[in-house]
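> below are the sequence and a predicted model for it; my questions follow.
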Amino acid sequence: MQNIYDNEIFFNGYSKIRENENNANNMFEKPALFSLLPTLNNKTVLDLGCGYGEHCINFIEKGAKRVVGIDISQKMLAIAKAENTHQNITYLNIPMEDIGELQERFDIVVSSLAFHYVEDFQTLITNIYRLLNDGGVLAFSQEHPINTCFSNGSRWTKKENGEKLFANVSNYSIDGERESFWFVKRVKKYHRTFSTIINTLINSGFQINKLIEPVPTSKMVSDYLEYKDLLHKPDFLLVKAIKV
C-alpha cells in the first residue's frame, strides 16, 4: 500500500493544485459526486480516503448524524482535524484495505478519487457491501479507465502547432498496476476496465443506479480553455450503487 500523499514533494504539489479554486475537482468531480448522494438527514456516512475532511464537514452540514472519515495519509488527516473537525466526525488513520476491521454499519459510503489506489478492488467492494445497511448507497469517483490504462508514450496526438487532435490509449484491456510521474516518480495506481468495475459491483450484490462521466459545458470551455481536453476524454468516472 503506497502512501504517496505523505511524500513531502507530492503533498506540496497536490496542495498547490487544490488551492486553485477552479481546479477539476471543484469544477467537475465534486458537483457530480454530491449529485449522487441521497438525503443525508440523520444518516451515518463512511468517507473512504477523506483527505482534508472537507466532504466530512459538508455531510454534517447537510444533516448527517455521524461521519467516519478514513485516510492512509497522516498529513491529510492533520489538516482534516485542524480545519474540519466536529463532535460527530471521527477520523481514522487507516488504509481502505483495512475497513474490514470496522464493526459499524453505515447508510452511505462515499469515496472521492481514491479507489484507483487500491489493488484488490474485489475485497474492497465486498467489505463495503458488508458495512452498508440494507438499501445503503455507495457513491464513488475515480480516475476514468481511459486515463488509468495509459502507461507509456505520448498522451496526446497533436497537430504541428500543438493543437490536440485526440488522446492516445494503451493497454486498456489489461487490468493491473500502472506507474506514472505526478510530482514524483513511480506513483502507483491500478487500472481496471469499465466492465471490471461494473461487474465487480454487480457480482458483489450491488445494483447500479447511475453513472456520470463529467464533461464541460460550452461556457466552461469558453471560460477555461484548458478544460477543452475533457471533450476528448473524461477525467473522472462516478458510480452510484445500491445494496439490495
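Received it, and whenever you're ready, just let me know what you need.

> show me what contacts Tyr224?
Shown in contact with Tyr224 (CB atoms under 8 Å, 6 or more residues apart in numbering): 22, 27, 216. Bear in mind the C-beta positions are built from the backbone N, C-alpha and C, glycine included.

> do the same with Gly100
Applying CB under 8 Å, 6+ apart to Gly100 gives the contacts 123, 127, 130.

> again, only using 10 Å
The neighbours of Gly100, taking CB atoms under 10 Å, 6 or more residues apart in numbering as the test, are 123-124, 126-128, 130-131.

> what's next to stretch 164-178, contact-wise?
The contact list for stretch 164-178 (CB under 10 Å, 6+ apart) reads 116, 119, 121, 145-159, 187-197, 228-229, 231-233.

> residue most distant from the centroid, this protein?
Glu160 (34.9 Å; CA atoms, centre = their mean).

> need the pLDDT of it.
Glu160 carries a pLDDT value of 92.

> run through the helices of the protein in chain order.
Under the criterion DSSP state H, helices of the chain are mapped to 8-19, 24, 30-35, 54-61, 74-83, 121-131, 145-148, 194-203, 218-223.

> buried ones in the third one?
The neighbour-count check on helix 30-35 (16 or more other CB atoms under 10 Å) flags 30, 32-34 as buried.

> rewinding a little: could the helices of the chain be laid out in a markdown table, adding distance to Asp47 and mean pLDDT?
Listed next are these as a markdown table, based on distance: least, CB to CB, whole Å; pLDDT from 0 to 100:
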| stretch | distance to Asp47 | mean pLDDT |
| --- | --- | --- |
| helix 8-19 | 17 | 76 |
| helix 24 | 20 | 85 |
| helix 30-35 | 11 | 97 |
| helix 54-61 | 5 | 98 |
| helix 74-83 | 10 | 94 |
| helix 121-131 | 12 | 98 |
| helix 145-148 | 22 | 95 |
| helix 194-203 | 19 | 98 |
| helix 218-223 | 27 | 90 |
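
> can I get the ones you listed in a markdown table including distance to Thr44?
What follows is the helices of the chain, written out as a markdown table (distance: least, CB to CB, whole Å):
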| stretch | distance to Thr44 |
| --- | --- |
| helix 8-19 | 27 |
| helix 24 | 29 |
| helix 30-35 | 17 |
| helix 54-61 | 10 |
| helix 74-83 | 18 |
| helix 121-131 | 10 |
| helix 145-148 | 30 |
| helix 194-203 | 21 |
| helix 218-223 | 35 |
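
> wait, doesn't Asn133 sit right on Thr44?
Yes. With contact defined as CB atoms under 10 Å, Asn133 counts as touching Thr44 (8.1 Å).

> can you list residues touching both of these two?
Residues touching both Asn133 and Thr44 (CB under 10 Å, 6+ apart): 105-108.

> show me what contacts Asp134?
Residues in contact with Asp134, defined by CB under 10 Å, 6+ apart, are 105, 107, 242-244.

> pLDDT weak spots in this protein?
For the chain, the stretches flagged by pLDDT under 70 are 181-184.

> could you check how many residues crowd around Tyr227?
Residues near Tyr227, counting by other CB atoms under 10 Å, number 19.

> mind listing what's buried in the longest strand seen in the chain?
Longest strand in the chain, counting residues (DSSP state E): strand 132-143. Of all the residues in strand 132-143, those buried under the rule 16+ other CB under 10 Å are 132, 136-143.

> then that strand to PDB, C-alphas only?
Extracted in PDB, the C-alpha atoms of strand 132-143 (Å, rounded to 0.1, in the frame of the first residue of the first chain):
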ATOM      1  CA  LEU A 132     -23.700  -0.900   4.400                       C
ATOM      2  CA  ASN A 133     -27.100  -1.200   5.900                       C
ATOM      3  CA  ASP A 134     -29.700  -2.800   3.600                       C
ATOM      4  CA  GLY A 135     -30.700  -0.300   0.900                       C
ATOM      5  CA  GLY A 136     -27.500   1.600   1.600                       C
ATOM      6  CA  VAL A 137     -25.800   3.700  -1.000                       C
ATOM      7  CA  LEU A 138     -22.200   3.600  -2.400                       C
ATOM      8  CA  ALA A 139     -21.200   6.700  -4.300                       C
ATOM      9  CA  PHE A 140     -17.700   7.000  -5.600                       C
ATOM     10  CA  SER A 141     -15.500   8.800  -8.100                       C
ATOM     11  CA  GLN A 142     -12.200   7.500  -9.600                       C
ATOM     12  CA  GLU A 143      -9.900   8.400 -12.400                       C
END
